[in-house]
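Participant: just coords:
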C-alpha cells in the first residue's frame, strides 16, 4: 500500500504562518480604515460643535437689525468681529444666509447680497435650527470664491437674528485638517493594535509547530496501523487459502478419486458399503474442518451469546486435537461487543500459534475484570521461545500477534508476551471497557 503523501510538518507550519500573515495584513488594513474613519468622523463632529458654539456665542448676539438689513457701517463692525473671533485656524470662510437664499454677510464681500437656492438639507437646518455638514461642491456658483482653498468641509448651523428671524450660518473648514485628524487617530490606535496582533502571531507559531508535529505523528501512526491491518488481512486470507488447499481440498480430492475408482472397478456389495462408509467419514471430517474454519473467521455465537461461548468453541477445537484446555470465562459475560471481539481475535491468534508452534499438552484460558478493563490470559506448557523470535517472525511475515497488539493499542489496550525456551508462553491482553 502506498498512501497519498501528506504535507510535511514544515509545510503545515508554512501554510499556517502564511495564512496568519494574510489575516494580519487584512486586519491591519481594516484597523487603518476604521481608525481613519473614526478620526474623520470625530474631526467633523468637532467642526460642527465649534460652529455651533461660534454661532451662539459670537454671531447671534451681533445679528441686529442693521446687520440683517446690510447697513454698511454695521456690516463693517460685524466683519471685524468675525475676523477677530471666528476666522482662525482651519476655518477660512463664513457666510450668513437668509431664508430666501440671500447672502446677508460673507467675509468675501463680493458675495454679499447675492441670492442662491438653498438645498433641502440647508433649508431643514434653518427650519429646525439644527446643523448639517458636507464636503463642499466647489462647482456650485455660490462656492466660486472658495476654489482657491481646495477641498473644504461645509458646516451649516441654524441661528436667529435679534428680532427672531431664522437665519443660517455657514462655515468652511479646510478638509486637510479633517484628514490630519483621521491620520492622527490611526497613528494613536494602530501601533498598539498591530503590535498585539504581531505578538499573537509570533506566540502562535511555536504552538502551531507543536500541533503540526503531533498531527504528523498521528498521521504516521494511522498509516502504520492501516498498513498493519492490510498486511494482517492479506496474511489471514493466505492462511485460509492454505488451510483449504492443504486440508479440505486435498481430502475432497482424495474422496473423489476413491469414488471414481470404486465406480470404475464395479465392486461387490461389501466393497461398495466399505467405500460409502469411508466417503461418509471423510465428508464428516471435511464438514467439521469447514465449521472450524468458519469459527476461526468469525464465531456465529460471539455476537449473540457473548465471549464465553465463543472461547468455549475455540477450546473445543483444541481438545479435539488432543490439547487439554482449562477455560475460566465466567467474567466474560456482559462485556461490550467491541471488547469481546478484540479479546476473541487475540485468543484466536494465540491458540492458533499454540497448535502450530508450541506442541503444548495443556493450555489455561482465563478472562477476568480489573477496574475499568478486561484481561485475557492464555498460558501454555509448550516449548516456548526466546525473546527475539517474535520479532523475527514479524519480519518474515508471520506477524499475527503483532497485528493483534496494534489493534489492542489502537483501542487503548495492551498486549504482553512472556516466554522462555522450554518453559511455555504466557500472553496477556487487556482492553478498556469504556
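Facilitator: That came through, no problem. What you are looking at is a predicted structure, and each value in this text was computed from that prediction instead of being measured.
Participant: residues touching the nearest residue to residue 63 once chain neighbours are set aside, list them.
Facilitator: Leaving out its chain neighbours, the residue that sits closest to residue 63 by CB to CB, 6 or more residues apart in numbering is residue 161, at 4.3 Å. Placement of C-beta: from N, CA and C, glycine included. Taking CB atoms under 8 Å, 6 or more residues apart in numbering, we find residue 161 in contact with 60, 63, 64, 65, 67, 68, 167.
Participant: out of these, which are buried?
Facilitator: Buried subset of the contacts of residue 161 (neighbour count, 16 or more other CB atoms under 10 Å): 60, 63, 67, 68, 167.
Participant: my read is that the fourth one contacts residue 104, right?
Facilitator: Yes. Under the criterion of CB atoms under 8 Å, residue 68 is in contact with residue 104, at a separation of 6.1 Å.
Participant: which neighbours do those two have in common?
Facilitator: Contacts common to residue 68 and residue 104, judged by CB under 8 Å, 6+ apart, are 98, 167.
Participant: mind picking the two most distant members of the contacts of residue 161?
Facilitator: Using CB to CB, the contacts of residue 161 reach their maximum pairwise distance at 60 and 65, which is 13.6 Å.
Participant: quick revisit: what about the residue nearest to residue 63, distance to residue 192?
Facilitator: From residue 161 over to residue 192 the distance is 50 Å, taken as CB to CB, to the nearest Å.
Participant: quick check: next helix or strand after the helix or strand bottoming out on mean pLDDT in the chain?
Facilitator: In the chain, no helix or strand scores lower on mean pLDDT, DSSP states H and E than helix 389-396, which sits at a mean of 46. Sequence-wise, the next helix or strand downstream of helix 389-396 (DSSP states H and E) is helix 400-410.
Participant: pull the distance from that next one to the chain's centre.
Facilitator: Relative to the mean C-alpha coordinate of its chain, helix 400-410 is positioned 30 Å out (CA atoms, centre = their mean, to the nearest Å).
Participant: how about it, which residues are buried there?
Facilitator: Within helix 400-410, the residues scored as buried using 16+ other CB under 10 Å are 400, 401, 402, 403, 404, 405, 406, 407, 408.
Participant: got it, and stretch 16-33?
Facilitator: Buried-residue list, stretch 16-33, by 16+ other CB under 10 Å: 16, 20, 31, 32.
Participant: pretty sure the third one is touching residue 192, no?
Facilitator: Put plainly, it is residue 31. No. Residue 31 lies out of contact with residue 192 (CB under 8 Å); the separation is 10.2 Å.
Participant: one step back: could you dump the contacts of residue 161 to JSON lines with distance to residue 273 and secondary structure?
Facilitator: Listed next are the contacts of residue 161 as JSON lines, based on distance: CB to CB, whole Å; DSSP: H, G, I helix; E, B strand; the rest coil:
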{"residue": "60", "distance to residue 273": "137", "secondary structure": "helix"}
{"residue": "63", "distance to residue 273": "141", "secondary structure": "coil"}
{"residue": "64", "distance to residue 273": "147", "secondary structure": "coil"}
{"residue": "65", "distance to residue 273": "148", "secondary structure": "helix"}
{"residue": "67", "distance to residue 273": "145", "secondary structure": "helix"}
{"residue": "68", "distance to residue 273": "144", "secondary structure": "helix"}
{"residue": "167", "distance to residue 273": "136", "secondary structure": "strand"}
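Participant: cool, thanks, signing off.
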